[in-house]
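K.L.:
Take a look and give me a structure for this.
(2 chains)
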Amino acid sequence: MSRDTSYDSIMSRKNEIMKKAVGIDYTEFEREGVVFDYEGMMKKTGYELNQVREIEKKTSVGDTPVYELKNLTKLARKIGGRGKGARIFLKDEAANPSGSFKARRAAVSVYHAKKLGYKGVVAATSGNYGAAVASQAAMQGLKCIIIQECYDSEGKGQPEIIEKARKCEAYGAEVIQLTVGPELFYTFLKVLDETGYFNASLYTPFGVAGIETLGYELATWFRENENKDPDVVVVTNAGGGNLTGTARGLLKSGATNTTIIGASVDLTGLHMASDNQFNKKSFTTGHTGFGVPFSTNPDRSDVPRSAARPLRYMDRYVTVSQGEVFYMTEAMAMIEGLERGPAGNTSVTAAFNLATQMDEDKIIVVQETEYTGAGKHVSAQLSFARENGISIEIGDPVNQVPGKNIILPKHPSLIKAKELDMMKLKKSYIKNLKTDKGFSDDEIKFIAEEIRLSEEEVKRIIEEM
Amino acid sequence: MIARKGDWVRIHNIVLEPDKRASHVPDDTKKCPLEMWVKGYLVNEEACIDDRVTVRTYIGREIEGTLIEVNPSYQHTFGDYIPELSYIGNQLRAILGGEDSE
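P.N.:
The predicted structure is shown next:
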């Protein structure tokens, strides 16, 4: 007898399907009300840092090179003025097998799936993670299905996403491409239900544990080569796993004084589930459309409890504009000799501006890059933007309106990382907990840990709301 | 065009009709069906474009859909030449090549 695969039936069996597909009983970590045992979940179902290093070594993931961006630093010093201009370093994660840091997450997820006896892995992603899972599945001998949100209702596809589909297919994955909409989740669940494969979610403890090695490698490299920990690490922030994993790795390595700054491309005003607006953006990840909602409501992901909880680790959060990132991508190629994908250069752009404000003896690190190629390239993205009615200008990026124009800064001194109000994000987090009966002491304590405030501050915010 | 058994083809499906879309999607999205594309080897002996067919995907799953393309290829490129980008390299080299250039 075939099972009912209608929308209602699949959605009503969501929890059962998920439990089978990740092999984690999340209820085990649930406590009173909004509380759950985050560290317990990470410990019990995750892997220790050393184990993760061993797993990643098996497929030559990680241990990527670190570059000092000397020309960019020189430029930051000219703009910053006397005594300013921190040294800018970059960890070249494009050197991973699938071309991005996502190979770290995929290596652990696929290893875990294989260990538990799953025949295949499924991931819902339009980004580099798809290629990473497909590549790891090919290496470790599992089948792979990638589900992408790719086209608008006219069948017009984002070049960056089409390129990722190509890469997944090159690694022998089945790629299911969909039009815009959150019901992608239905197709995802249906595929999990039909195949019995593992959900290689970005948000499981395995997915996040995979990135902890990145933080560890940074701490180790800087101690060996510069005799100190990085002063600042800038992380491109979308779903929050990159930031969470990197920060946890740094902390586990004892780099407790390193400031963690999240950076996203500002796409304010564009609705991520809108068919009309889907192709008005030039960045399909690393933007505020993911970064802000996933920070303030981490459990909106595809597992019941997300291991990616950026507000636990983020000291500051800045945004940059699309035009600034394109300028910096061009700059990276022209003065640093590093041609990399635009989305990964989001944090380079932020780091450049931050460096101009920091003292010249400080170290600021960009912790990832991604591969570039057809579709994933400045000229491909700008051509696509122009086709979709976006004007391309040279001027002051402060005048950018996402979905209307892209402004390339007419001078590098116009590149400015905009500070997001962390307190506002923390308040949104509390608002998103949506409870009308007030919070117990244990809940207050948990919230305080989640958003890094004192219990008194949390209480005060709740009273004011 | 006639596709034969074993040909690499692309199929299309409607996953959800507009009236079945989730309640929380924006209005413009709600007007459109949720569509899906996938590639695989044709299972039917023969088929024409627009026929309902079955394909076996690269990992061996069988999926039904409407045949839309035979030997589908990738058409994405590096895009057009973008004149607006051309100042950046020279501008930066000029700034860096000033009085304290090596």
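
K.L.:
Poorly predicted segments of the chain, please.
P.N.:
Just going to use chain A. Confidence mapping of chain A against pLDDT under 70 gives the ranges A:1-2.

K.L.:
Chain B is the one I meant
P.N.:
Where chain B drops to pLDDT under 70, the residues are B:98-102.

K.L.:
all strands for it, in order.
P.N.:
In chain B, the strands defined using DSSP state E lie at B:2-4, B:8-16, B:34-42, B:46-48, B:52-56, B:62-70.

K.L.:
Chain B contacts on the stretch 101-250 of chain A?
P.N.:
By the rule C-beta under 8 Å from any C-beta of the partner chain, the part of the stretch 101-250 of chain A lying against chain B is A:120, A:143-145, A:150-151, A:153, A:155, A:159, A:162-163, A:166, A:169, A:172-183, A:186-187, A:194-195. Where you see a C-beta, it was placed from the backbone N, CA and C, and this is true even at glycine.

K.L.:
Give me the buried entries from these.
P.N.:
Using 16 or more other C-beta atoms under 10 Å in any protein chain shown as the burial test, these include A:120, A:143-145, A:150-151, A:153, A:159, A:162-163, A:166, A:169, A:173-183, A:186-187, A:194-195 as buried.

K.L.:
Can you give me the distance of B:Tyr58 to chain A?
P.N.:
Noted for B:Tyr58: a distance of 6 Å to chain A, by C-beta to the nearest C-beta, to the nearest Å.

K.L.:
still on that earlier bit, A:Thr296 is nearest to which of the strands of chain B?
P.N.:
Closest approach to A:Thr296 among the strands of chain B is made by strand B:34-42 (26.9 Å; C-beta to C-beta).

K.L.:
and the gap between A:Pro159 and B:Phe78?
P.N.:
Using C-beta to C-beta, to the nearest Å, one obtains 9 Å as the distance from A:Pro159 to B:Phe78.

K.L.:
overlap in contacts of the two?
P.N.:
Here A:Pro159 and B:Phe78 have A:Ala374, A:Ala380 as joint contacts, going by C-beta atoms under 8 Å, 6 or more residues apart in numbering or on different chains.

K.L.:
In contact with residue 38, which residues?
P.N.:
No chain was given, so I picked chain A. Residues near A:Tyr38 by C-beta under 8 Å, 6+ apart: A:Phe29, A:Arg305, A:Arg309, A:Arg312, A:Glu449.

K.L.:
nope, chain B please
P.N.:
A:Glu174, A:Val175, A:Ile176, A:Gln177, B:Arg10, B:Ile11, B:Asn13, B:Val55, B:Thr57, B:Ile63, B:Gly65.

K.L.:
Is the second one within a helix or a strand, and which one?
P.N.:
For A:Val175, the host element (DSSP states H and E) is strand A:174-179.

K.L.:
For that strand, which strands pair with it and how are they oriented?
P.N.:
Strand pairing for strand A:174-179, determined by DSSP bridges: strand A:143-151 (parallel), strand B:34-42 (antiparallel).

K.L.:
What residues of the last one count as buried?
P.N.:
By that I understand strand B:34-42. Residues of strand B:34-42 classed as buried by neighbour count (16+ other C-beta under 10 Å): B:Leu34, B:Glu35, B:Met36, B:Trp37, B:Val38, B:Lys39, B:Gly40, B:Tyr41, B:Leu42.

K.L.:
quick check: angle from that strand to strand B:52-56?
P.N.:
Calculated by axes from the mean of the first three to the mean of the last three C-alpha atoms, to 10 degrees, strand B:34-42 forms an angle of 70 degrees with strand B:52-56.

K.L.:
got the angle for strand B:34-42 vs strand B:8-16?
P.N.:
150 degrees.

K.L.:
then strand B:34-42 to PDB, C-alphas only?
P.N.:
Provided in PDB are the C-alpha atoms of strand B:34-42 (Å, rounded to 0.1, in the frame of the first residue of the first chain):
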ATOM      1  CA  LEU B  34       4.800  25.500  -7.000                       C
ATOM      2  CA  GLU B  35       6.700  23.900  -9.900                       C
ATOM      3  CA  MET B  36       9.500  21.300 -10.000                       C
ATOM      4  CA  TRP B  37      12.100  20.200 -12.400                       C
ATOM      5  CA  VAL B  38      14.300  17.100 -12.300                       C
ATOM      6  CA  LYS B  39      16.600  15.200 -14.700                       C
ATOM      7  CA  GLY B  40      17.000  11.500 -15.400                       C
ATOM      8  CA  TYR B  41      17.200   8.700 -17.900                       C
ATOM      9  CA  LEU B  42      13.900   8.100 -19.800                       C
END
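
K.L.:
if we can go back for a sec, can you tell me which of the strands paired with strand A:174-179 comes nearest to A:Ile211?
P.N.:
For the strands paired with strand A:174-179, the distance to A:Ile211 is smallest for strand A:143-151, at 19.6 Å, taking C-beta to C-beta.

K.L.:
all strands of the stretch 301-450 of chain A, in order?
P.N.:
Per DSSP state E, counting those that start in this stretch, the stretch 301-450 of chain A carries strands over the ranges A:316-320, A:363-366, A:391-395, A:405-409, A:418-419.

K.L.:
closest one to A:Thr246 among those strands?
P.N.:
Closest of those to A:Thr246 is strand A:363-366, at 9.8 Å (criterion: C-beta to C-beta).

K.L.:
do you know how far A:Ala103 is from A:Pro97?
P.N.:
5 Å.

K.L.:
ok, those two, which is more surrounded?
P.N.:
Neighbours were counted for A:Ala103 and for A:Pro97 using other C-beta atoms under 10 Å in any protein chain shown; A:Ala103 has more, 29 against 19.

K.L.:
is it true that that one touches A:Ala137?
P.N.:
No - look at A:Ala103 against A:Ala137 with C-beta atoms under 8 Å: they stay out of range, at 11.7 Å.

K.L.:
hang on, the earlier thing: output the contacts of B:Val38 in JSON lines; the columns should cover distance to A:Ala380.
P.N.:
Listed next are those as JSON lines, based on distance: C-beta to C-beta, whole Å:
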{"residue": "A:Glu174", "distance to A:Ala380": "25"}
{"residue": "A:Val175", "distance to A:Ala380": "19"}
{"residue": "A:Ile176", "distance to A:Ala380": "23"}
{"residue": "A:Gln177", "distance to A:Ala380": "18"}
{"residue": "B:Arg10", "distance to A:Ala380": "22"}
{"residue": "B:Ile11", "distance to A:Ala380": "27"}
{"residue": "B:Asn13", "distance to A:Ala380": "28"}
{"residue": "B:Val55", "distance to A:Ala380": "29"}
{"residue": "B:Thr57", "distance to A:Ala380": "27"}
{"residue": "B:Ile63", "distance to A:Ala380": "30"}
{"residue": "B:Gly65", "distance to A:Ala380": "29"}
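
K.L.:
Mind picking the one among those residues that's closest to A:Arg87?
P.N.:
Nearest to A:Arg87 among the contacts of B:Val38, counting by C-beta to C-beta, is A:Val175 at 41.2 Å.

K.L.:
Show me the beta-bridge partners of the closest one.
P.N.:
A:Ile146.

K.L.:
For the top helix by length along chain A, buried residues please.
P.N.:
In chain A, taking DSSP state H as the definition, the longest helix is helix A:205-226. Buried residues in helix A:205-226, counted by 16+ other C-beta under 10 Å: A:205-222.
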